[in-house]
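1. After the sequence you'll find the predicted model.
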Amino acid sequence: MNKDNLIFIICSYSSMLLGVLCPALGEPLRHLLPFMLMIQLLICFLVTAAPKAPVRNGGKNELAFFLGLKMLITPLLCWGIFALFLPRYALGAILLGGVSIGVTAPFFGQLSRADISFIIAAVVGSCLLLPLTMPVLVVSYLYSIGQEAGAELWKTFFLTGFSLSLYIFLPFILAKGIWKGRPGLAEGILKRRYWIFVLTVACCMFAIFSRYSLPLRDNPMMVLEALGGALLLAALFLILGIASARGKDPTEGVARLVSMGTINNGLMLIIAAQLFGLPEVLIAAMYSIPFFMLLLPYQRYADWRKI
């Protein structure tokens, strides 16, 4: 493991532990959580909008099929498996299974020697699709269990879509505007993106785990159950990622694996806290634990593919 990987993992897990043990210190950061997530999205969109950004040539159908697998098939598979084994977390599994690819995916892809152009295209595509696909998945689930009906379903549909659109499209538009009006500022931000990512991810983990420190400490069995669900999701994402990489170019194969498991669980945590309940919040928070661990199988897979 190189120095950058080690710093990133140590900062991430240390901030989680500090949040649980010292929740009062995280209070000022909790209100900034959406802002920090949008900073990460902004950096990702600055990369994609850069004049010399990696451009994916061809393979548009393959990218579309992968996004269909990631945004629609994966959450449906997660729904089916969790409905059988962990029904309390079925909605959380849908949220995490169908969320967009995380903004740290290009960073993880770089550390894993993946095809960055594929990851960037997949991140942008999944982010722009999310406000359309996620409300449909959530409302379908709620309708199937009879939890909400009529006007309440439409309210959930529009609230979910509106919240996701706000968090995603504002950084997207801002990134385009910065490159057009202040290209020097964009270049300066990208030169420092590693440390910006480390700082914002650490602050996000600190804020998230400090906010839920009390339920995490008061309900240890529920926490363990949610952690088990998060680990199950991580295993499913690895299996699906490796399956989707079969027969592909090695660097694209690693990119598919990274894109499948590196999800934007922080965004789903905010949505879950706003619209849903503790099980959805807990599993989204607990996914942060395997999230960083997945960097190791990504790199082992890259070694196996001889990249």
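-> Happy to help now that I have it.
2. Please list the outside residues in contact with the host helix or strand of residue 76.
-> Using DSSP states H and E, residue 76 falls within helix 74-85. Here helix 74-85 makes contact (CB atoms under 8 Å, 6 or more residues apart in numbering) with 89-90, 92-98, 137, 141, 229, 232-233, 236-237, 240, 260. All C-beta atoms are positioned from the backbone trio N, CA, C, and that covers glycine.
3. I'd like the list of those residues that fall within helices, please.
-> Those of those mapping onto helices are 90, 92-97, 137, 141, 229, 232-233, 236-237, 240, 260, per DSSP state H.
4. tell me the mean pLDDT for the helix holding residue 76?
-> Mean per-residue pLDDT for helix 74-85: 96.
5. from the ones in helices among the contacts of helix 74-85, which would you call buried?
-> Buried by 16 or more other CB atoms under 10 Å: 90, 92-97, 137, 141, 229, 232-233, 236-237, 240, 260, out of those.
6. Just give me the residue closest to the centre of this protein.
-> Nearest to the geometric centre of the chain sits residue 264, at 1.4 Å (CA atoms, centre = their mean).
7. what pLDDT does it get?
-> Residue 264 is assigned 89 on the pLDDT scale.
8. wait, it sits on residue 99?
-> Yes: here residue 264 reaches residue 99: they are 5.2 Å apart, a contact under CB atoms under 8 Å.
9. and the longest helix along the chain, which residues are buried?
-> For the chain, the helix that runs over the most residues, judged by DSSP H, is helix 151-181. Buried residues in helix 151-181, counted by 16+ other CB under 10 Å: 153, 156-157, 160-161, 163-164, 167-168, 171-172, 175, 178-179.
10. Which one of these is nearest to residue 16?
-> Closest approach to residue 16 among the buried residues of helix 151-181 (CB to CB): residue 167, at 22.0 Å.
11. what residues are up against that closest one?
-> Under the criterion of CB under 8 Å, 6+ apart, the neighbours of residue 167 are 34, 37-38, 41, 267, 270.
12. quick one: which of the residues you listed is most hemmed in?
-> For the contacts of residue 167, counting by other CB atoms under 10 Å, the largest number of neighbours falls to residue 267: 27 neighbours.
13. what sits against that residue?
-> Listed by CB under 8 Å, 6+ apart, the contact set of residue 267 reads 37, 99-100, 164, 167.
14. Backbone dihedrals for residue 102, please?
-> For residue 102, the backbone dihedrals (degrees, to the nearest 10) come out as phi -70, psi 150.
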